[in-house]
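# Generate a structure from the sequence data that follows.
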Amino acid sequence: MTLQSWGALWLSGIIKTLNSANYISVKDYMDTQTSPPVRTFLMSAILFMILGWGGLYLLLTYTTPSGGARWAFFFAGVLAFTGTALPLVAFLNRRFPSIPPPSTTVVLRQALWIGIYFPTLVWLQIGRVLNPFIALLLAVGFALIEWLLRMRERSQWRP
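Prediction:
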């Protein structure tokens, strides 16, 4: 008996044991429930990108940097980067499934973290306080917040 066939036999025994104990395997669960497909986010992403990048273009070409234009710049930046990140985040959630699968609000929230991150970096650069350590610390902080939110959702999940 080769090592590969011994490993397959051992793995099939574990799967049979788990299935006989009324556990549902991760593969069976993921076949029935998955995160939403990327195409459900495409219209929102296109709308966010048009409003965001179009707004940034209009602000940068036709306005002077006053108080209201600066806030509109940050708002348009959040829309632009959220719309750009939304299909990528939806694809990554489809590609790397988790239990429980993320809902549409979770995918949108994760894209919004990216959308908030880049205008925050721009805001810090305006004050000349941005450096690589602060950018990394901010990214780790946003990732930690998202991880804690997902952990909370996982603890409240009932199959």
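# Quick check: can you list the domain ranges of the protein?
1-32, 34-156 (automatic domain parsing).
# Check the average confidence over the last one, would you?
Read that as domain 34-156. Domain 34-156 shows a mean pLDDT of 93.
# Helices of this protein, start to end?
3-20, 26-32, 39-62, 67-95, 104-126, 132-156 (DSSP state H).
# Please identify the most buried of the domains of the chain.
Among the domains of the chain, ranked by average contacts under mean count of other CB atoms under 10 Å, first place goes to domain 34-156 (a mean of 15). Heads up, the C-betas are built off the backbone N, CA and C, glycines and all.
# Show the end-to-end separation of that one, please.
By CA to CA, to the nearest Å, the extent of domain 34-156 from end to end equals 18 Å.
# any idea how far the spatially most central residue of the chain is from Ile126?
Nearest residue to the geometric centre of the chain (CA atoms, centre = their mean): Gln110, 3.4 Å. Remark: distance between Gln110 and Ile126 (CB to CB, to the nearest Å) = 26 Å.
# what do you get for Leu79?
19 Å.
# Contacts only, for the nearest residue to Ile46 once chain neighbours are set aside.
Excluding the flanking residues, the one nearest Ile46 by CB to CB, 6 or more residues apart in numbering is Gly83, at 7.2 Å. Counting by CB atoms under 8 Å, 6 or more residues apart in numbering, Gly83 touches Ser44, Ala45, Ile46, Leu47, Phe48, Met49, Ile50, Leu51, Gly52, Trp53, Gly115.
# ok, now Gly115?
So Gly115 contacts Gly77, Val78, Leu79, Ala80, Phe81, Thr82, Gly83, Ala85 (CB under 8 Å, 6+ apart).
# Would you check how far apart the closest residue to the last one other than its chain neighbours and Ser44 are?
For Ala85, the nearest residue in space outside its immediate sequence neighbours is Ile114; the separation is 4.0 Å by CB to CB, 6+ apart. When CB to CB is applied, the distance between Ile114 and Ser44 equals 14 Å.
# isn't Met49 right up against Ala80?
Yes. Between Met49 and Ala80 there is a contact under CB atoms under 8 Å: 6.4 Å.
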